[in-house]
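Undergrad: Okay, structure incoming, though there's no sequence with it:
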Ligand code: URA
């Protein structure tokens, strides 16, 4: 039985942007100044995918490549995600991919732009858009890729480690699958057992394939 949740995060509770289509939501978001991240990012990276997708995957924020391309999950983490989705029997082109935070946050070190984690205020501010995307898409399953996505969806009391691999049911809503962010698989190379961790991630995603049949 899926676990029922009492609490929700800012993307599922409270007020969100209003629009009648994803395209018009995106146009609104392009002028977003709800937090300061728009000042240094190249552009907004909004979600993309079919508007009738049954599955929505939520990442943390665009990375360097995504910031330049203006599309989610087109860099190294996106490549691993694509491979693992494929192995789990899920077609990326049938999913809607988005992020909890829509502008790239980074620290400039010399020529390199180093990823910097969004804070609670930035996650809260951008939940205005993620919540609106979900209101519009009404998917069956939302996959929370890592702690930032999970915080935006279900608040700070639901941890990735404790709930990993579970399909949680939000009151009156869709199921949320809790799993890691694919960039974790890039970071652990040479430390833990990367193949076992990757297989575990594929197993988590396979639960989505099983649920949607
Ligand atoms: N990491 C994310 O969380 N999202 C992206 O779009 C790319 C990398």
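TA: That came through fine. All figures in this text were calculated on a predicted structure; none of them were measured in a lab.
Undergrad: Next, the contact list for residue 35, please.
TA: 121-122, 125-126 (C-beta atoms under 8 Å, 6 or more residues apart in numbering). C-betas here are computed from N, CA, C, even on glycine.
Undergrad: Which of those fall within helices?
TA: Among the contacts of residue 35, the members found in helices (DSSP state H) are 121-122, 125-126.
Undergrad: Between the contacts of residue 35, which sits nearest the ligand?
TA: residue 126 (12.2 Å; C-beta to the nearest ligand atom).
Undergrad: mind checking pLDDT for the closest one?
TA: At residue 126 the predicted local confidence, pLDDT, stands at 98.
Undergrad: didn't it look like it was pressed against residue 100?
TA: Yes: in this structure, residue 126 sits in contact with residue 100. The criterion is C-beta atoms under 8 Å, and the distance is 6.3 Å.
Undergrad: Tell me who's in contact with the nearest residue to residue 118 once chain neighbours are set aside.
TA: Counting by C-beta to C-beta, 6 or more residues apart in numbering, residue 118 lies nearest to residue 101, which is 4.4 Å off, once chain neighbours are set aside. Counting by C-beta under 8 Å, 6+ apart, residue 101 makes contact with 37, 60-61, 118, 122-123, 126, 148.
Undergrad: Can you pull the residues of this structure lying near the ligand?
TA: Residues of the chain lying close to the ligand by C-beta under 6 Å from any ligand atom are 59-63, 66, 72-73, 75, 77-78, 99, 183.
Undergrad: Out of these, who's the most crowded?
TA: In terms of neighbours by other C-beta atoms under 10 Å, the residues of the chain next to the ligand top out with residue 62 at 31 neighbours.
Undergrad: and it, what helix or strand is that in?
TA: For residue 62, there is no enclosing helix or strand under DSSP states H and E.
Undergrad: for residue 144, same thing?
TA: Per DSSP H and E, the secondary structure element for residue 144 is strand 141-145.
Undergrad: Paired strands for that strand, with orientation please.
TA: Strand 141-145 pairs in its sheet with strand 55-59 (parallel), strand 175-179 (parallel), by DSSP bridges.
Undergrad: what residues does the last one touch?
TA: Spelled out, it's strand 175-179. Contacts for strand 175-179 (C-beta under 8 Å, 6+ apart): 2, 5, 140-146, 150, 153-154, 158, 160, 163-170, 201, 204-205, 207-208, 211.
Undergrad: at 6 Å what do you get?
TA: With contact meaning C-beta atoms under 6 Å, 6 or more residues apart in numbering, strand 175-179 is reached by 2, 141-144, 153, 160, 163-164, 166-169, 204, 208.
Undergrad: Okay, buried residues for it please.
TA: Judged by neighbour count (16 or more other C-beta atoms under 10 Å), strand 175-179 contains these buried residues: 175-179.
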